[in-house]
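**Q** okay, predicted coordinates and the sequence, questions at the end:
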Amino acid sequence: MTIGLSESQPMTAAEARKLSGNTWLSRREAAKYLGIGEQTLANNKASGPKLYKAFGQVRHKLADLDLWMEQRLAS
């Protein structure tokens, strides 16, 4: 799913509200949503948000990203 994200600007609140918890995001979209670099997300596979692989591509569920961020903020 591509939602027209620019690589240089973070996702706006309006863009994030358009997404639902069942939305699958690419690594690039997930990194943008979290406000971190794509490579940082890739380097943190073990301690990062849950990821899924389908047809050789990494995907993240929006709900998993939110849960991971909440857990990090609570620490």
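**A** Cool, the structure landed.
**Q** for the residue minimising distance to the centre of the chain, which three-state class applies?
**A** Relative to the mean C-alpha position of the chain, the nearest C-alpha, by C-alpha atoms, centre = their mean, is the one of residue 30, at 1.9 Å. Local secondary structure at residue 30 is given as helix here, using DSSP: H, G, I helix; E, B strand; the rest coil.
**Q** secondary structure class for the closest residue to it other than its chain neighbours?
**A** The shortest distance from residue 30 to any residue that is not its chain neighbour, by C-beta to C-beta, 6 or more residues apart in numbering, is 4.1 Å, and that residue is residue 60. To be clear about C-beta, it is placed using only N, CA and C from the backbone, and glycine gets the same treatment. For residue 60, the assignment made with three-state DSSP gives strand.
**Q** tell me the predicted confidence for residue 60.
**A** pLDDT for residue 60: 93.
**Q** that one contacts residue 23, correct?
**A** No. At 9.3 Å, residue 60 does not count as touching residue 23 under the criterion of C-beta atoms under 8 Å.
**Q** looking at those two, which is more packed in?
**A** When neighbours are counted by other C-beta atoms under 10 Å, residue 60 and residue 23 differ, and residue 60 comes out ahead with 24 against 17.
**Q** and the residue nearest to the centre of the chain, what does it touch?
**A** Neighbour list for residue 30: 41, 49, 60, 65 [criterion: C-beta atoms under 8 Å, 6 or more residues apart in numbering].
**Q** same check on residue 68?
**A** Applying C-beta under 8 Å, 6+ apart, one finds that residue 68 lies in contact with 48, 49, 50.
**Q** switch to 7 Å and redo it
**A** By C-beta atoms under 7 Å, 6 or more residues apart in numbering, the contact set of residue 68 is 48, 49.
**Q** tell me if I am right that it is in a helix.
**A** Yes. The assignment for residue 68 (three-state DSSP) places it in a helix.
**Q** need the three-state assignment for the closest residue to residue 67 other than its chain neighbours.
**A** Spatial nearest neighbour of residue 67, chain neighbours left out: residue 49 (7.4 Å); criterion: C-beta to C-beta, 6+ apart. Per three-state DSSP, the local secondary structure of residue 49 is coil.
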